[in-house]
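Trainee: model this:
(chains A and B)
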Protein chains: 2
Amino acid sequence: MNLRIPGPTPLPPEIMAAMQKEMIDHRGPEFAALGKRIIASLKDICQTSGDVLLFTCSGTGGLEAAVVNTLSPGDRVVAFAAGWFGDRLAAIAEAYGAQVEKVVFPQGARIEPAQVTETLRGQKNVKAVLVTHNETSTGVLHPLKAIAEAVRAETDAVLIVDAVSSFLATEIAMDAWGIDVLVTGSQKALMCPPGVAMVAVGKRAWDAHQHAKMPRFYFDFAENKQWGDLGQTAYTPAMSVYFAMDAALELIQREGVDNVYARHARVADLTRELASEIGYELFPQPRDSSPTVTALKVPAGLDGEEIRRIAREEFDTILGGAQGNLKGKLIRIGHLGFAHEPEIQAAMDVLHQATQRARERAKA
Amino acid sequence: MNLRIPGPTPLPPEIMAAMQKEMIDHRGPEFAALGKRIIASLKDICQTSGDVLLFTCSGTGGLEAAVVNTLSPGDRVVAFAAGWFGDRLAAIAEAYGAQVEKVVFPQGARIEPAQVTETLRGQKNVKAVLVTHNETSTGVLHPLKAIAEAVRAETDAVLIVDAVSSFLATEIAMDAWGIDVLVTGSQKALMCPPGVAMVAVGKRAWDAHQHAKMPRFYFDFAENKQWGDLGQTAYTPAMSVYFAMDAALELIQREGVDNVYARHARVADLTRELASEIGYELFPQPRDSSPTVTALKVPAGLDGEEIRRIAREEFDTILGGAQGNLKGKLIRIGHLGFAHEPEIQAAMDVLHQATQRARERAKA
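Mentor: Numbering: from 1, shown residues only, chains lettered A, B, ... in the order given. So this is what the prediction gives:
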């Protein structure tokens, strides 16, 4: 099977092998050493002197942790959203009683730094700004560095970034760019099974945490950090995913983080190039197209879900579809984590053939 | 290594093998079939016609889900607690603003059904009753059936049961006993890696959910059920743990659930018998001793942590210690999940030898 969705991603053999380790005591010294190794390595990749907290949950759980640990009910929050995942982050803050002002960009468009500036200028009481780095639903990588600069120029609000599907695929210099909370999941560019979310927390976020009154227990930052400093976890961790992450981070160090970024850019370029060759148009502007997922417009008269079904049933290849109102109109090709040229070439060949079959059958 | 803590538990070879399955699309038909299989099987074991919801989190996360989906801030809650995990369940409700009346029993004692009756009699405005079935910290199995009967005789409050370390080791007839929410984790008697919590939800709990105003997003029951009915999950699941659970439930069906219960009882009996032979006393009364974890009093003059260190470093055997004020005073032997006579015999031999070594060194 060629799994080409934007996460979960296929597991490299070294990670498969790591998953064969027997369970150990999560309160013992072996786990503590493992936990400390993982945290130190993730801190390096985030380029932060802050803390890295790990929670057993999906990326969405990590985003909830970011929100409930830095805000109080009634706090004013500005959310920049350009799709399904931007909407979700805003919805989390709303569920916990924040006053969310949502600035919406069209699906397929990027969050414009100039509009970030305009929105925040002169606003004194904004407590948090919510941004999705890579909008997985539309294949758009928002210009995070410029967005963060715009935020930092205007406000001391906590900048919470959903980097679930961008982290480790493209550089994020958390401290230098002025990001306060950065969230990702194990099943994306980290090429591990899902189950663990990383929440990196900088000083401004810890300051906000002092006064944050949204209720929380499982996702509490302070409890998590207290155990994390010992390499342990407050509650029983998804241990097999920890084994996988430890192996993944060793692979990544061996490849070199910059090479990992370069590989993602290269494979994304190849995807777009092959898409163009088989007559598919990009959904976003080429400038904004993501290094981890390429969103393609389904040709007029065809149903994307039918093309995906043919790819799955007739070619054993799993392509991404779209959510909500875009369902059937986009095909998304995941190329993050354990992704290299041959799998992409194969997937795009399948997309070509499946599209031809769908077209022939539509005519018939 | 002989891992004899009360979870995570060692994985059987069939489950190790299941963890070697490559990632699949969590929105595709293969995962949907897997999810439906797991849910149907767990419903059978719970003996409920209600719903089984699965969340990617630890058991504590599952308990939080139970609380925040059935209660509103300010609601009156009665929590019966006899140790670390009873305290934790009460603390979750407090963190979300419930008015928690805690009825505390001594560590090592059981929750007395008569006191449950006395506490609840004539109380009209109790919204939930919190009970821990197996208090892992003290090795006590509380008499859940009698407790539930006492609760049901006095109140329509939602009965939330922490069955994290008892589920599947001893029968729980959720509907017949009148339990409304039943929580467990994948890493206990289910013999899988940690990462997924099961929350079984009955009719009374769904009714309470209609009016429950505690904030929630990741742990929302309604969102979870909507996807669960399709065999899917609202957010990306800890997929490798799902593969493990599917294999585990097949093993359990093959063994027969009643045989699984009988095996836990038999192995627990053996542990207590061997403990007595090597001069260890039970911490709880024999009547209350758990089928999943045996808590033993460390002999006077010795430090339990030192005995555990010797067992670990000199015999490659991991025994459980104790939490909080009991640390060093108890040794806990886990015998849940993939546990049979030979491992227990070996662990108790090690406990014997490690205790002798600790005693000799204490004298030296």
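
Trainee: At the contact with chain B, which residues of the stretch 51-200 of chain A appear?
Mentor: Within the stretch 51-200 of chain A, the positions near chain B by CB under 8 Å from any CB of the partner chain are A:56-61, A:64, A:73, A:91-92, A:95-97, A:185, A:187, A:193-195. C-beta: built from backbone N, CA, C; applies to glycine.

Trainee: Swap in 7 Å and give it another go.
Mentor: A:56-61, A:64, A:92, A:95-97, A:185, A:187, A:193-195 (CB under 7 Å from any CB of the partner chain).

Trainee: So, low pLDDT: which residues of chain A?
Mentor: Within chain A, no stretch has pLDDT under 70.

Trainee: how about the strands of it, start to end?
Mentor: Secondary structure of chain A (DSSP state E): strands located at A:2-4, A:51-56, A:76-81, A:99-104, A:126-132, A:134-135, A:140-141, A:158-162, A:181-185, A:196-201, A:281-282, A:293-297, A:317-319, A:330-334.

Trainee: Output these as JSON lines; include the columns mean neighbour count.
Mentor: Formatted as JSON lines, the strands of chain A follow (neighbours: other CB atoms under 10 Å in any protein chain shown):
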{"stretch": "strand A:2-4", "mean neighbour count": "23"}
{"stretch": "strand A:51-56", "mean neighbour count": "26"}
{"stretch": "strand A:76-81", "mean neighbour count": "23"}
{"stretch": "strand A:99-104", "mean neighbour count": "17"}
{"stretch": "strand A:126-132", "mean neighbour count": "26"}
{"stretch": "strand A:134-135", "mean neighbour count": "30"}
{"stretch": "strand A:140-141", "mean neighbour count": "26"}
{"stretch": "strand A:158-162", "mean neighbour count": "28"}
{"stretch": "strand A:181-185", "mean neighbour count": "30"}
{"stretch": "strand A:196-201", "mean neighbour count": "29"}
{"stretch": "strand A:281-282", "mean neighbour count": "14"}
{"stretch": "strand A:293-297", "mean neighbour count": "26"}
{"stretch": "strand A:317-319", "mean neighbour count": "24"}
{"stretch": "strand A:330-334", "mean neighbour count": "26"}
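
Trainee: of all those, which lies closest to B:Pro291?
Mentor: strand A:51-56 (26.0 Å; CB to CB).

Trainee: Quick check, A:Gln47 in contact with A:Trp177.
Mentor: No. The criterion here is CB atoms under 7 Å, and A:Gln47 misses it with A:Trp177 at 8.6 Å.

Trainee: nearest to A:Ile307, of the strands of chain A?
Mentor: So among the strands of chain A, strand A:330-334 is nearest, using CB to CB, at 6.3 Å.

Trainee: out of the residues of the stretch 51-200 of chain A next to chain B, what pair is the most spread apart?
Mentor: Longest span within those, CB to CB: A:Gly97 and A:Pro193, 33.5 Å.

Trainee: neighbour count winner among the two?
Mentor: Using other CB atoms under 10 Å in any protein chain shown as the criterion, A:Gly97 and A:Pro193 rank with A:Pro193 on top: 33 against 16.

Trainee: Please report how far the more buried one lies from B:Trp227.
Mentor: For A:Pro193, the distance to B:Trp227 equals 19 Å [CB to CB, to the nearest Å].

Trainee: Kind regards, and thank you for your time.
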